[in-house]
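Peer 1: when you get a sec, could you give me coordinates for this:
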Amino acid sequence: MNFLRYFSPLRAWRDLRYYIVTRQRHQLGFMGVALALTYVMVVGVIYESRIPPKPYHRDIIYVQQWRLDRTDAEIVAQQKIDGIEQTKRENELKRLQAERRAQFKKVNDGLKAYGL
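Peer 2: So this is what the prediction gives:
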């Protein structure tokens, strides 16, 4: 508590004013930019902390159980059925990838038009 005896708001204000007066113009500009960026980040963190978090969603994957006494013919028949579904999923994935590639190509062509 002994340090409070040496602290004075008037002395602090004079020190700050002396510091600002002795700086060059570009140093004050950079100080202002640094203070503004710090303020924006602190306000951003405070704003983000007030947004409630999204509820946790579990992705549950159910595994199909098979009998141990299946014959090879039953296994092959099930693989044919699953193969058709898998090819549908793969085709859908390829279609979505082609659409995404087309979107990126459009953006890339637009950037090339600007010389980027």
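
Peer 1: state which helix of the protein is the longest.
Peer 2: With DSSP state H setting the assignment, residue counts place helix 72-113 as the longest helix in the chain.

Peer 1: and the helix or strand residue 18 falls within, how far from the chain's centre?
Peer 2: According to DSSP states H and E, residue 18 maps onto helix 9-21. Helix 9-21 sits 42 Å away from the centroid of its parent chain (CA atoms, centre = their mean, to the nearest Å).

Peer 1: packing partners of that helix?
Peer 2: Here helix 9-21 touches no other helix or strand, going by 3 or more CB pairs under 8 Å, 6 or more residues apart in numbering; DSSP states H and E. Where C-beta positions appear, they are placed from N, C-alpha and C, glycine not excepted.

Peer 1: repeat the analysis, applying 10 Å as the threshold.
Peer 2: Taking 3 or more CB pairs under 10 Å, 6 or more residues apart in numbering; DSSP states H and E as contact, the helices and strands that helix 9-21 lies on are helix 25-50.

Peer 1: and the angle from the helix it packs on to helix 9-21?
Peer 2: Per axes from the mean of the first three to the mean of the last three CA atoms, to 10 degrees, the angle that helix 25-50 makes with helix 9-21 is 120 degrees.

Peer 1: when you give positions from now on, start the count at 54
Peer 2: Got it, the first residue is 54 from now on, which makes the last one we talked about helix 78-103.

Peer 1: what separates helix 78-103 from the chain centre, distance-wise?
Peer 2: The answer for helix 78-103 is 21 Å, by CA atoms, centre = their mean.

Peer 1: spatially central, which residue of the chain would that be?
Peer 2: In the chain, the residue lying closest to the centroid (CA atoms, centre = their mean) is residue 101, at 13.0 Å.

Peer 1: pull out the buried positions in the helix or strand bottoming out on mean pLDDT in the chain.
Peer 2: None of the helices or strands of the chain scores lower by mean pLDDT, DSSP states H and E than helix 62-74, at a mean of 90. Judged by neighbour count using 16 or more other CB atoms under 10 Å, helix 62-74 contains no buried positions.
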